[in-house]
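**Student:** fold the stuff below for me.
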Amino acid sequence: MIRLPWSLGPREMLARWPVDRPLVMLESADRERRWGRWSILAPPEGWFVYDGSSQLLGGGGKMPIGSPTSGSGAVPGGKAESALIDEPWAELETLLASTRDEARRRPGPAPPFLGGWIGCLAYDLGRIIEPTAGEASGGAADDRRWPAIALARCPAALAHDNLAGAWWAVGEPEAAERLADLPRAPDVGEGAMPEVGAFASSLEPDAYLDAVSRTLSYIAAGDIFQANITQRLTATFAGSTRLLARRALRLSAARYGAYLELPDGRCLVSMSPELFLELDGRRREVVTRPIKGTRPRRSPPRELLDSAKDAAELHMIIDLMRNDLGRVCEFGSVRVPAARMIETHRTIHHGVGEVRGRLRDDVGFGDLLRAAFPGGSVTGAPKIRAMQIIDELEPVRRGPYCGSIGYISDCGNACLNIAIRTIALTGGRETGRFDRLHGLLDYGAGGGIVADSQPVAEYRESLDKAEVLRLALGAEALIGALTTAVR
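**Tutor:** This next block holds a predicted model:
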């Protein structure tokens, strides 16, 4: 590790990142000792992508790994070759094993990420884990064709300790030294906001209310106890994705924020408050912190605390996550240190629970993912039947929304969010620039439906969750257009 004498914050570094160099960034606005302490910025040196077939790509997404200039079949930044067989779990395990370096583990205050993989697992990866989850009448349209897995190989990274205000260059020594000398251009300033068109919803108000009502019918029939029903808001987009990310991350103060420039003209800006999985590789301890129950920040927290409906919603998911972790954890190690607490974020209050366990010695990170992905808070319970109903009632696939974004470190640590409050951008980039995109902006919002849910109240809750998007866009005219589109 190299200590860097920088006084910039992570978003200031984002503003200075060379526009011709891709970036993946995990940013936390918290300054807590336990949660959200670290932010990470890294230039990808390669990508593993699974979108029905497996690909290993160069950092800019233009040169397949395995071409004559890059070596035959080499894992980007790794120690071994990987034969692609279009079986994503087997290939993911091979990639993680080929780059694992447990000698990098350090006790104490070292950054949890010491080089490794940063990226996104789409919600629809659940269809691969459990194929029956996608068996529904009709089925959601795959109109954006997001990859199920997109992981950037980052042998080194810049890690910012939000508590101490200190920067470190971490990872493979030579790569870390190059990052320590990373040219820092002048701050680009606030600049012009991107141009965003009028929003339309995948489920107009009457259709959303009908989807909630049909979910209640499934609950009454005994099919499920709960299902998470969402809508997708869509508008045209043209401009700086980095400027959008800086504004969104600042306004949301997200604990598990992220900004990813993918290699095919896609981009993600996540403002998630929710932890899906955090793994301590040395102790093999795993924690999940599902969120259920939301109120606008203008409401008193007691209103959420006293809600029996919201409490039941969270307790169901706590039980589901206990079961998921129990499949891969040592017998007797799964526990619930906090069944429910109220946490306040920049725009909303949330009900949060916590489940912990200790992985068995014969279990790898891929096994943990297969046991728990996607997170129960964005599916419902029982999980597979809830996912089938989601596939039936939601007209479009979720893509990265409700999947997970985060890191898998070579030292064995890992941290993934639940990709809620997440902007997904698809389109084309300007030549020679990774920071500007022309295309479509998608944003998902929804909530958990239980037996005593009221369709109109659930619809209003989905709008509360879009509040941070309205703030991030910054223009009253755009806010008015979005409000008109979804009310």
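**Student:** C-alpha only now, for contacts and for neighbours.
**Tutor:** Fine.
**Student:** next, the contact list for residue 179, please.
**Tutor:** Each residue near residue 179 by C-alpha atoms under 8 Å, 6 or more residues apart in numbering is listed here: 156, 157, 158, 169.
**Student:** I'd like to know which of those are buried.
**Tutor:** Listed as buried from those are 156, 157, 158, 169; burial here means 16 or more other C-alpha atoms under 10 Å.
**Student:** beta partners of the third one?
**Tutor:** With beta bridges defined as DSSP bridges, residue 158 has these partners: residue 41, residue 169.
**Student:** roughly how far does it sit from residue 13?
**Tutor:** 10 Å (C-alpha to C-alpha, to the nearest Å).
**Student:** over to the first one?
**Tutor:** Residue 156 sits 16 Å away from residue 13, taking C-alpha to C-alpha as the criterion.
**Student:** next: residue 316.
**Tutor:** 41 Å.
**Student:** repeat that for residue 40.
**Tutor:** Residue 40 sits 11 Å away from residue 13, going by C-alpha to C-alpha.
**Student:** and residue 406, by the same measure?
**Tutor:** Taking C-alpha to C-alpha, one finds residue 406 at 19 Å from residue 13.
**Student:** what do you get for residue 124?
**Tutor:** Counting by C-alpha to C-alpha - residue 124 and residue 13 are separated by 32 Å.
**Student:** of these two, which one has the most company?
**Tutor:** Between residue 124 and residue 13, residue 124 has the larger neighbour count (other C-alpha atoms under 10 Å), namely 26 against 18.
**Student:** contacts only, for the more buried one.
**Tutor:** Counting by C-alpha under 8 Å, 6+ apart, residue 124 has contacts 148, 397, 398, 399, 400, 403.
**Student:** for the first one, give its distance to residue 262.
**Tutor:** So the one you mean is residue 148. Per C-alpha to C-alpha, residue 148 is found 13 Å from residue 262.
**Student:** same question, the second one
**Tutor:** Counting by C-alpha to C-alpha, the gap from residue 397 to residue 262 is 19 Å.
**Student:** the two - which one has more neighbours?
**Tutor:** Per other C-alpha under 10 Å, whichever of residue 397 and residue 262 has more neighbours is residue 262, with 25 against 21.
**Student:** for the more buried one, grab phi and psi.
**Tutor:** phi -80, psi 160 (degrees, to the nearest 10).
**Student:** tabulate the CA atom coordinates of the helix or strand encompassing residue 248 in PDB.
**Tutor:** According to DSSP states H and E, residue 248 maps onto helix 241-252. In PDB, the C-alpha atoms belonging to helix 241-252 read as follows (Å, rounded to 0.1, in the frame of the first residue of the first chain):
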ATOM      1  CA  THR A 241     -22.500  10.800 -16.900                       C
ATOM      2  CA  ARG A 242     -19.800  11.800 -14.500                       C
ATOM      3  CA  LEU A 243     -21.500  15.100 -13.800                       C
ATOM      4  CA  LEU A 244     -24.800  13.200 -13.200                       C
ATOM      5  CA  ALA A 245     -23.000  10.800 -10.900                       C
ATOM      6  CA  ARG A 246     -21.300  13.600  -8.900                       C
ATOM      7  CA  ARG A 247     -24.600  15.300  -8.400                       C
ATOM      8  CA  ALA A 248     -26.600  12.200  -7.600                       C
ATOM      9  CA  LEU A 249     -24.000  10.900  -5.100                       C
ATOM     10  CA  ARG A 250     -23.800  14.200  -3.400                       C
ATOM     11  CA  LEU A 251     -27.500  14.700  -3.000                       C
ATOM     12  CA  SER A 252     -28.300  11.100  -2.000                       C
END
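**Student:** on contacts alone, who are the packing partners of it?
**Tutor:** If you count contacts as 3 or more C-alpha pairs under 8 Å, 6 or more residues apart in numbering; DSSP states H and E, helix 241-252 packs onto helix 10-16, strand 266-272, strand 436-449, helix 467-473.
**Student:** pick the most deeply packed of the ones you listed.
**Tutor:** With neighbours taken as mean count of other C-alpha atoms under 10 Å, the helices and strands packed on helix 241-252 reach their highest mean count in strand 266-272, at a mean of 26.
**Student:** adjacent strands (with direction) for the next helix or strand along the chain from it?
**Tutor:** The helix or strand immediately downstream of strand 266-272 is strand 275-280, counting by DSSP H and E. Strands adjacent to strand 275-280 in the sheet, as given by DSSP bridges, are strand 285-289 (antiparallel), strand 414-417 (antiparallel).
**Student:** and residue 381, which of those is closest to it?
**Tutor:** Among those, strand 285-289 comes nearest to residue 381, with 16.4 Å by C-alpha to C-alpha.
**Student:** got a list of contacts for the helix or strand following that closest one?
**Tutor:** Of the helices and strands lying after strand 285-289 in sequence (DSSP H and E), the nearest is strand 291-296. Residues from elsewhere that reach strand 291-296 (C-alpha under 8 Å, 6+ apart): 274, 301, 304, 310-311, 313-314, 347-353, 377, 448, 461, 464.
**Student:** go again with 6 Å.
**Tutor:** Under the criterion C-alpha atoms under 6 Å, 6 or more residues apart in numbering, residues 310, 314, 348, 349, 350, 351, 352 lie in contact with strand 291-296.
**Student:** can you tell me which residues contact the fifth one?
**Tutor:** I take that to be residue 350. 293, 294, 342, 343.
**Student:** next: residue 146.
**Tutor:** Neighbours of residue 146 in contact, by C-alpha under 6 Å, 6+ apart: residue 399.
**Student:** give me the secondary structure label for it.
**Tutor:** At residue 146 the chain is in coil, as set by DSSP: H, G, I helix; E, B strand; the rest coil.
**Student:** ok, it to residue 124 distance?
**Tutor:** Taken as C-alpha to C-alpha, the span from residue 146 to residue 124 is 9 Å.
**Student:** which regions of this protein sit below the pLDDT cut-off?
**Tutor:** Scanning the chain for pLDDT under 70 picks out the ranges 31-33, 59-86, 105-109, 135-138, 183-190, 474-487.
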